Structures are given as C-alpha cells and as structure tokens.
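Trainee: Quick one, what's the 3D model for this:
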Amino acid sequence: MRVSLRSVALFYPLLLTACFFNHHPKQVQPVAPPISNTPAPTPAPAPIQTPVPAQTTPAQPKAPAPTTSTQASQQPSEAPKPPVHKKKPVNKNPLQAANGNGASNGVSAIGQLSAGEPSDLRRQTSDSIASTERGLNSITRALNDQEQRTASHIREFLKLARAAIISGDVDGAHTLAVKAKILLGELTR
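Mentor: From the prediction side, this is the model:
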C-alpha cells in the first residue's frame, strides 16, 4: 500500500472542500396551528334603533323691509352677470364632422349605405325564403331527433316570414328569413 505524495496532495483539497459544504442546516417548514373544534360565538342581536321623529318648524312670515335711501345706496344696482360661453358653430355636413378635416370625399366612414327600398327588400326576402325552403327540401339523409327539431324550427320561421310579408312587415319577415337560413346552414354542415 504505497501511496504517492502526489495522490495525497490531490486528494487533500478535495477532502477539505467536502467537509466545508456538507454542514447545511436542515430547513424547518412552518406548521399550521392545530384546528380546534370549538364553535364560534354567536353574535349578540343588534340593538333596535328607532328613528328620531322629524320636527317641523312653522314658517315665519317675512315682513317687507322698509326701504330707505341708505339701504338703496348700499345694495348694488344690478346682480353680476354670469360669464357667457360662446358655442361652437354646428357643422352642417356630418361627413366633414366625421372626417374632421372639412374635406368631403362623398364616402362615409362606415361605407356607403343603401336606401333600403321596401320593394327591393321584399324581393330579397322572398328569394331568401324560397332558397331556404329548397335547401331544406333537398336534404335526403335521415335526420336524428335534434335535426328534426331544427328542421321544424326552420319551417316555422319560414311560415312566419311569409305571414309577415303578407301583413306588410318586411323587416320582420327579413329577420325571420335570415334566422331560418342560419339554422339551415347548421343543419347542412
């Protein structure tokens, strides 16, 4: 067992560093206090407060004060006027007001709006009702219970839309036709 001086010299610093770093204290984790099963004390009932009766004082009639020349000279002749705020001129053109620069290019910030003529909307609604009905009738596959309920809702919307067109409620008929078309889209997916 012959140990060379060189081996001992290399092993000695390793031995010393290992001793210094091994002395770590254990970390103690805090423990929650024990839970006690004592019931919480019930709060005492709040004292009942009665409202203080309102007292009214009779109004005392005011007698007109005698005016004398000394009182007239002490009172100002006119009350001070409140400051006048000038209003900004109202812009007549809403496009210029929306753009903020006064230059009108003829197009609204939200785009061009249609006049929405009733006859055009009536025709579009009638076409939408017809196309939705054709789409519903073109479904040839077997429908489950949920799909059958959806199909009956579509038929009901179409029936109400036709009745609304006859009664002259074009906007209501259009809304019902759109709802039927959306349900048909869900059904044909």
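
Trainee: so what secondary structure elements neighbour the longest helix along the chain?
Mentor: Across the chain, the longest stretch assigned as helix under DSSP state H is helix 145-167. In terms of contacts (3 or more Cβ pairs under 8 Å, 6 or more residues apart in numbering; DSSP states H and E), helix 145-167 is packed against helix 118-137, helix 170-187. In this view, the C-beta of every residue, glycine as well, is placed from N, C-alpha and C.

Trainee: Residue 30 is nearest to which of the ones you listed?
Mentor: Residue 30 sits nearest to helix 170-187 of all the helices and strands packed on helix 145-167, at 57.4 Å, using Cβ to Cβ.

Trainee: CA atoms of the closest one as CSV?
Mentor: These are the backbone C-alpha positions of helix 170-187, laid out as CSV (Å, rounded to 0.1, in the frame of the first residue of the first chain):
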residue,chain,number,x,y,z
VAL,A,170,-90.9,43.4,-44.5
ASP,A,171,-88.2,44.0,-41.8
GLY,A,172,-89.7,41.3,-39.6
ALA,A,173,-90.0,38.9,-42.5
HIS,A,174,-86.4,39.5,-43.4
THR,A,175,-85.2,38.8,-39.9
LEU,A,176,-87.2,35.5,-39.8
ALA,A,177,-85.8,34.5,-43.2
VAL,A,178,-82.2,35.2,-42.0
LYS,A,179,-82.8,33.1,-38.9
ALA,A,180,-84.2,30.2,-41.0
LYS,A,181,-81.2,30.4,-43.3
ILE,A,182,-78.7,30.3,-40.4
LEU,A,183,-80.4,27.2,-39.0
LEU,A,184,-80.3,25.6,-42.4
GLY,A,185,-76.6,26.2,-42.5
GLU,A,186,-76.2,24.5,-39.2
LEU,A,187,-78.4,21.6,-40.4
